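Q: Fold the following for me, if possible:
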Amino acid sequence: MPKTYIVGYDTSAGADRAVEFAVAQAKGTGAAIKIVHVLEWSAYSFLTPQELEERHQRRTEELDRAAAQVNPVVERVRAQDVECESVIKYGHVADIICDIAEETGAAQIFVGRTGHSALSSRVFGSVQLSLVQASPVAVTVVP
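A: Residues are numbered from 1 along each chain as shown. A predicted model of the protein is given here:
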């Protein structure tokens with residue numbers, strides 16, 4: 001069974017470096033790459049039917065925008081003769097990436113050292129740190 005590498009992708013320069021590093025590793029091992037983009041979403045309760053409809057519409061629009069950002073990266077990886085697919089989900093970034101790694105039997109996770117939320121990561125902790133602590137597989141943080 002071929003290896004699968006997970007790349008946490010948030011459209012930042014750090015995420016692009018993680019993709020390129022994972023591609024180089026995948027070429028050497030024959031691994032496939034799964035690019036995971038997670039949209040943070042907090043659940044609301046007690047919404048009216050109109051609010052639920054508006055929320056659904058916003059989520060659909062966000063998923064479409066995310067796909068428009070991630071799909072070119074998938075194609076770029078495929079153009080380098082590496083099998084690649086994407087997963088776009090809502091939730092807590094580190095939890096979703098760990099869940100996908102477990103579900104797919106991934107061999108390793110790659111993430112960029114810095115992403116879009118540098119200030120919040122200083123206050124609340126970073127996705128990278130959460131992954132290193134909670135991941136079921138090795139995590140490579142790419143500078």
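Q: Strands of the chain, start to end?
A: 4-8, 32-39, 84-90, 108-112, 138-142 (DSSP state E).
Q: Dump those strands into JSON lines; add mean neighbour count, distance to residue 50 and mean pLDDT as well.
A: Every C-beta, even on glycine, is put in place using the N, C-alpha and C of the backbone. JSON lines is the format used below for those (neighbours: other Cβ atoms under 10 Å; distance: least, Cβ to Cβ, whole Å; pLDDT from 0 to 100):
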{"stretch": "strand 4-8", "mean neighbour count": "26", "distance to residue 50": "35", "mean pLDDT": "97"}
{"stretch": "strand 32-39", "mean neighbour count": "22", "distance to residue 50": "22", "mean pLDDT": "96"}
{"stretch": "strand 84-90", "mean neighbour count": "17", "distance to residue 50": "21", "mean pLDDT": "95"}
{"stretch": "strand 108-112", "mean neighbour count": "26", "distance to residue 50": "38", "mean pLDDT": "95"}
{"stretch": "strand 138-142", "mean neighbour count": "18", "distance to residue 50": "42", "mean pLDDT": "94"}
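Q: So for residue 21, which of these sits nearest?
A: For residue 21, the closest of those is strand 138-142, at 4.7 Å, according to Cβ to Cβ.
Q: Sheet partners, orientation included, of that closest one?
A: Sheet pairing of strand 138-142 (DSSP bridges) gives strand 108-112 (parallel).
Q: With that, I have no additional questions.
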